[in-house]
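[1] just a sequence and a predicted model for now, questions to come.
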Amino acid sequence: MRQRRFIPSTRLLLAFDAVMRHGTVTAAASELSLTQSAVSRLILTLEEQLGKELFSRVRRRLVPNATAQNYHKDIARALDIVQRASMSLVANPEGGTLSLAVLPTFATRWLGPRLGGFMGLHPGIAVNLSTRIGWFDFSGETFDAAIYFGQSDWRGGEHIKLFDERVTACASRAFIKTHNLTSIENLAGLPLLHLESRPTAWADWFAGQGGTPSGAGGMLMDQFSMMIQAAISGLGVALLPDYLARIEIDAGRLEPVLKPAVPIRGAYWLVWPEDKNTSAPLAAFRSWLAEQTVSANPDIA
């Protein structure tokens, strides 16, 4: 049984959230279409209900204390959950909703072009996508599942492997011609473009070519989209997942350097919290995604 004292009304929580986000009662009142005095009264009512002071009154200003800062982290997350649930209900009254956390470039270049097929097979399921890079705690989020790159070490979730990572070194045609990139020795001293989430990728690539890392420096980036553009601009040699490299090579924007599709450490995974095991939309997506990864990478079957 829920104790009503500890479940303030949405009106009180929205006023508290607005003041915390904007930093002033004036701005919060404008957002909520209320007077400043009405917002101040709502804050006072919330404090009285909780039996805790959340703000100091300094020259007619509300200054949040440490208690308010900590409380707001949870309240903001709870309001986000309520808002997203309501939006999903409106967008898809049947209740078939799937919220995914995805890697940005993987989402736009691999998953996005295929996702229409899933939605065509399952028109009753509304798919929501948000980008995330790296691990997060499902208990503090509203996601049903996530697609990530790395090892099978996601904490607090169940997972299936989608496919292993294979990479192709790529550069612009002019860069390759200028530096005569016909052997691994020609890479010595040249700028190599690095990705933050793949610290061992170049070492693995050199090993796959039968050589050792050149020790060359280069730009460090956090997304493949930036790396691709840097390579196209002639700033160095990019190391791209093969599904991305093939797109750029087929379009004539980049050319491969030495042997393509070299396997490296790491794979793409689908992960989900245990309490989503019975989710019908997720089960449908898992099954569809497994078929897609096999058809796109027949050697993993």
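    Nice, thanks for sending it over.
[2] domain map for the protein?
    Per automatic domain parsing, the structural domains of the chain span 4-89, 95-162+266-300, 164-264.
[3] what's the single longest strand in this protein?
    Longest strand in the chain, counting residues (DSSP state E): strand 158-171.
[4] doesn't residue 111 lie inside a helix?
    Yes. Secondary structure of residue 111 (DSSP: H, G, I helix; E, B strand; the rest coil): part of a helix.
[5] from residue 147, how far out is it?
    Using CB to CB, to the nearest Å, residue 111 is found at 7 Å from residue 147. C-beta coordinates here come from the backbone N, C-alpha and C atoms, glycine included.
[6] which residues do the two both contact?
    residue 102 (CB atoms under 8 Å, 6 or more residues apart in numbering).
[7] lowest mean pLDDT across the domains of the chain, which one is that?
    Mean pLDDT is lowest for domain 95-162+266-300 among those, at a mean of 86.
[8] chain center to that one, what's the gap?
    Put simply, domain 95-162+266-300 sits 11 Å off its chain's centre (CA atoms, centre = their mean, to the nearest Å).
[9] tell me who's in contact with residue 20.
    With CB under 8 Å, 6+ apart, residue 20 has these contacts: 64, 68, 69, 72, 76.
[10] ok, now which ones touch the third one?
    Residue 69 is in contact with residue 20, counting by CB under 8 Å, 6+ apart.
[11] next, it: phi, psi?
    phi -60, psi -40 (degrees, to the nearest 10).
[12] how far away is it from residue 283?
    In this structure, residue 69 and residue 283 are 40 Å apart, going by CB to CB.
[13] likewise the last one?
    Distance check for residue 76 against residue 283: by CB to CB, it reads 31 Å.
[14] number of nearby residues for residue 84?
    For residue 84, the neighbour count with other CB atoms under 10 Å is 16.
[15] now do the SS call for the closest residue to it other than its chain neighbours.
    Nearest residue to residue 84, sequence neighbours excluded (CB to CB, 6 or more residues apart in numbering): residue 142, at 5.2 Å. Secondary structure, three-state DSSP: residue 142 is coil.
[16] show me what contacts residue 142?
    80, 81, 84, 85, 99.
[17] ranges for the strands of the stretch 151-300 of the chain?
    158-171, 194-195, 220-221, 238-241, 255-256, 262-272 (DSSP state E, counting those that start in this stretch).
[18] so which elements touch the third one?
    If you count contacts as 3 or more CB pairs under 8 Å, 6 or more residues apart in numbering; DSSP states H and E, strand 220-221 packs onto strand 194-195.
[19] give me the sheet partners of the strand it packs on and which way each runs.
    If you go by DSSP bridges, strand 194-195 pairs up with strand 220-221 (parallel).
[20] for the partner strand, which outside residues touch it?
    193, 194, 195, 196, 227, 230.
[21] narrow those to those that are buried.
    For these, a burial check counting by 16 or more other CB atoms under 10 Å picks out 193, 194, 195, 227, 230.
[22] follow-up on the earlier one: closest to residue 290 out of the contacts of strand 220-221?
    residue 195 (26.4 Å; CB to CB).
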